[in-house]
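1. Show me the folded form of this:
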Amino acid sequence: MDRIVFRCVMPYICDGEDRKSFSLVCREWYELDYQTRQQLAVQLFYATTLLSRLSKRFPFIKHLKLEGLKYFRALDEPLLDVTVWMKELVTYFDYLENLHLRYVQVEDENLELLAKTRGKQLRRLCLYDCDKLSTDGLKHICHHCINLTTLNLGCDQIIIKDAEWLHELALHNTCLEKLIFSTSQSLKRVNITSKFSTVDLKDFFNSAVLLEDFDGCRHHSAKTEDYAGFKYPPNMKLMEFDGCALKDELGLVIPFAHQLIELDLLI
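-> As a prediction, the model looks like this:
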């Protein structure tokens, strides 16, 4: 009976330290951890083994985090290169769905390899504070990772070569729910074809301080109280939104209405 209970409970224990303690009790519990662990975080600087060995220990990992040292960035030292680990990752982690990379060097070739081997099964990709990352690599991700629901690009060091990666994303991905792009402060024009309410994009408008042209919100489901603290960027010149939202949004538009060149209301 205890064995059955443990097998039912173990998948819901997500804390790494709790699982470590659990697996040290006996051989059976060690094997149970091996069979049910789906999340793994690796500090690359201290890692003494490659992922090929880790995959034998935890073959069913779905959520993987590879993290370098923030200390290197503070000292302006090169971040750890993730190339070797990426080759291991695409070879051995057959169930990978979520990948989180932080404080590492990510070459365009790394993302190309990831996209072409694990692209269709990836659901969430987060790249935080990574170096050597460019839009060429993102183009491969957006072309092959057609089932991504979250793409989080929290990197100030992204090398912007062109906007083709966004075009690839629009052409191939129909599942995306969240796109976070830290260089949104430089955006001046945004067109969204999906059905969003304006307040759903509150955080985006707060960061896109140079935005001038916004075309996109075709769905009004917000309540008046949802607009608390909401404001548009100050340089807006062209806008298009759901006319049903006019009553709630008129007060937000008036402060810069004198500079508007075009205002389209979709009725």
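2. residues near Val82, how many?
-> Taking other C-beta atoms under 10 Å as the criterion, the count of residues near Val82 is 21. C-beta coordinates here come from the backbone N, C-alpha and C atoms, glycine included.
3. pLDDT score for it?
-> You'll see Val82 listed with a pLDDT of 89.
4. Make sure it is actually in contact with Asn110.
-> Yes: at 6.1 Å, Val82 counts as touching Asn110 under the criterion of C-beta atoms under 8 Å.
5. all helices for the stretch 1-150 of the chain, in order.
-> 2-9, 16-23, 27-36, 51-57, 70-74, 83-92, 108-118, 135-144 (DSSP state H, counting those that start in this stretch).
6. Please enumerate residues in contact with the third one?
-> The set of residues that contact helix 27-36 without belonging to it, under C-beta atoms under 8 Å, 6 or more residues apart in numbering, is 3, 6-7, 10-11, 19, 22-24, 57-60.
7. could these go into a markdown table alongside neighbour count?
-> Putting the contacts of helix 27-36 into a markdown table (neighbours: other C-beta atoms under 10 Å) gives the following:
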| residue | neighbour count |
| --- | --- |
| Arg3 | 10 |
| Phe6 | 16 |
| Arg7 | 12 |
| Met10 | 17 |
| Pro11 | 12 |
| Arg19 | 19 |
| Phe22 | 18 |
| Ser23 | 19 |
| Leu24 | 10 |
| Arg57 | 14 |
| Phe58 | 20 |
| Pro59 | 14 |
| Phe60 | 14 |
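8. Tell me how many other residues crowd the residue lying closest to Met236 once chain neighbours are set aside.
-> In this structure, Met236 finds its nearest non-sequential neighbour in Phe256, 5.3 Å apart by C-beta to C-beta, 6 or more residues apart in numbering. Using other C-beta under 10 Å, Phe256 has 16 neighbouring residues.
9. heads up, I number from 576, so please use that
-> Noted, 576 is the first residue going forward, which turns the last one into Phe831.
10. measure Phe831 to Glu815 for me?
-> Separation of Phe831 from Glu815 (C-beta to C-beta, to the nearest Å): 15 Å.
11. tell me the pLDDT at the nearest residue to Phe581 once chain neighbours are set aside?
-> Counting by C-beta to C-beta, 6+ apart, Leu607 is the residue found nearest to Phe581 once chain neighbours are left out, at 6.3 Å. The predicted local confidence for Leu607 comes out at a pLDDT of 83.
12. What of Phe635?
-> As predicted, Phe635 sits at a pLDDT of 90.
13. if I pick the closest residue to it other than its chain neighbours, what's in contact with it?
-> In space, Phe635 comes closest to Tyr670 once its chain neighbours are excluded; the distance is 5.3 Å by C-beta to C-beta, 6+ apart. In this structure, Tyr670 makes contact with 613, 634-637, 696, judged by C-beta under 8 Å, 6+ apart.
14. how about a cut-off of 7 Å?
-> The contact partners of Tyr670, taken as C-beta atoms under 7 Å, 6 or more residues apart in numbering, are 635-637.
15. And it, how close does it get to Leu619?
-> Here the criterion is C-beta to C-beta. By it, Tyr670 lies 21 Å from Leu619.
16. Equivalent analysis for Arg612, please.
-> When distances are taken as C-beta to C-beta, Arg612 and Leu619 turn out to be 19 Å apart.
17. what about those two, which has more around it?
-> For the pair Arg612 and Leu619, the greater number of neighbours falls to Arg612 (22 against 19), based on other C-beta under 10 Å.
18. quick one: the more buried one and Lys595 touch, right?
-> No: using C-beta atoms under 7 Å, Arg612 and Lys595 do not qualify as a contacting pair, with a distance of 10.2 Å.
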